[in-house]
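K.L.:
Sequence first, predicted model second:
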Amino acid sequence: QKEVEQDPGPLSVPEGAIVSLNCTYSNSAFQYFMWYRQYSRKGPELLMYTYSSGNKEDGRFTAQVDKSSKYISLFIRDSQPSDSATYLCAMSVSRGSTLGRLYFGRGTQLTVWP
Amino acid sequence: DGGITQSPKYLFRKEGQNVTLSCEQNLNHDAMYWYRQDPGQGLRLIYYSQIVNDFQKGDIAEGYSVSREKKESFPLTVTSAQKNPTAFYLCASKPGLMNTEAFFGQGTRLTVV
């Protein structure tokens, strides 16, 4: 079993839709949870990160972490064609021998059509 | 402008040849990383370095080698021992171990012909 599981999609939605992207994980030591956005043939860029459980909102984006279920989500409200990209979840521990490493999901390819 | 520069953007290699991918950062970051990205597989860690003159193997280090002689540079050599080297290679850096945000370069697309 991979440490981080993410449905690769593809996911296709109309402009203005609410998008829900999800990841599950198996390592209970993960404390930092991140979402990266990657446009085609480009490097990923950090979209949001949260520490431990809870919600974090930034404009149209909301990140949620449920550590009891080992489940994280990214919601995109009022989706735009410019949101079309691959979204990668990533996680890391706060201490131990693997400190500093990021563990990525496979990425979900999102297309928002006008 | 500060950032991470990977070069070249596209690289073609004949089977049996070694090739070196360049990664330079001017962010004064201690930690640097090399990932490989294949369609549908996400990012897999090849090597990482937390400090100059030190580096550790990631999950798929076989057939690759790295060096970290300078803080700003972390070149990756894809050797002839790597059985399936065609992929998109991404270099990243972070200020240090505890930092969460990794900054990525724009990647190098390596194709074996």
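P.N.:
Arrived safely.

K.L.:
Now the phi/psi pair for the nearest residue to B:Gly58 once chain neighbours are set aside, please.
P.N.:
Distance criterion Cβ to Cβ, 6 or more residues apart in numbering or on different chains; nearest residue to B:Gly58, sequence neighbours excluded, is B:Leu45 at 3.1 Å. Just so you know, the C-beta spots here come from the backbone N, C-alpha and C atoms, and that holds for glycine as well. When read as degrees, to the nearest 10, the backbone of B:Leu45 gives phi -80, psi 130.

K.L.:
Show me the beta-bridge partners of B:Leu45.
P.N.:
Following DSSP bridges, B:Leu45 is listed with bridge partners B:Tyr35.

K.L.:
Just list the residues touching the residue of chain A found nearest chain B, thanks.
P.N.:
Scanning chain A for the residue nearest chain B gives A:Gly43, at 3.4 Å (criterion: Cβ to the nearest Cβ). By Cβ atoms under 8 Å, 6 or more residues apart in numbering or on different chains, the contact set of A:Gly43 is B:Ile4, B:Gln6, B:Leu90, B:Ala92, B:Phe104, B:Gly105, B:Gln106, B:Gly107.

K.L.:
Name the SS class of A:Ser82, please.
P.N.:
helix (DSSP: H, G, I helix; E, B strand; the rest coil).

K.L.:
Pull the number of nearby residues for it.
P.N.:
9 (other Cβ atoms under 10 Å in any protein chain shown).

K.L.:
just the one 5 residues further on next, same as before
P.N.:
Counted with other Cβ under 10 Å, residues neighbouring A:Tyr87 total 24.

K.L.:
what mean pLDDT does stretch B:19-35 have?
P.N.:
The average pLDDT for stretch B:19-35 rounds to 95.

K.L.:
buried set for it?
P.N.:
B:Val19, B:Leu21, B:Cys23, B:Glu24, B:Gln25, B:His29, B:Asp30, B:Ala31, B:Met32, B:Tyr33, B:Trp34, B:Tyr35 (16 or more other Cβ atoms under 10 Å in any protein chain shown).

K.L.:
likewise stretch B:45-55?
P.N.:
B:Leu45, B:Ile46, B:Tyr47, B:Tyr48, B:Ser49, B:Gln50, B:Phe55.

K.L.:
do stretch A:12-19 as well
P.N.:
Result for stretch A:12-19 [16+ other Cβ under 10 Å]: buried residues A:Val13, A:Ala17, A:Val19.

K.L.:
distance between it and the chain's centre?
P.N.:
17 Å (Cα atoms, centre = their mean, to the nearest Å).
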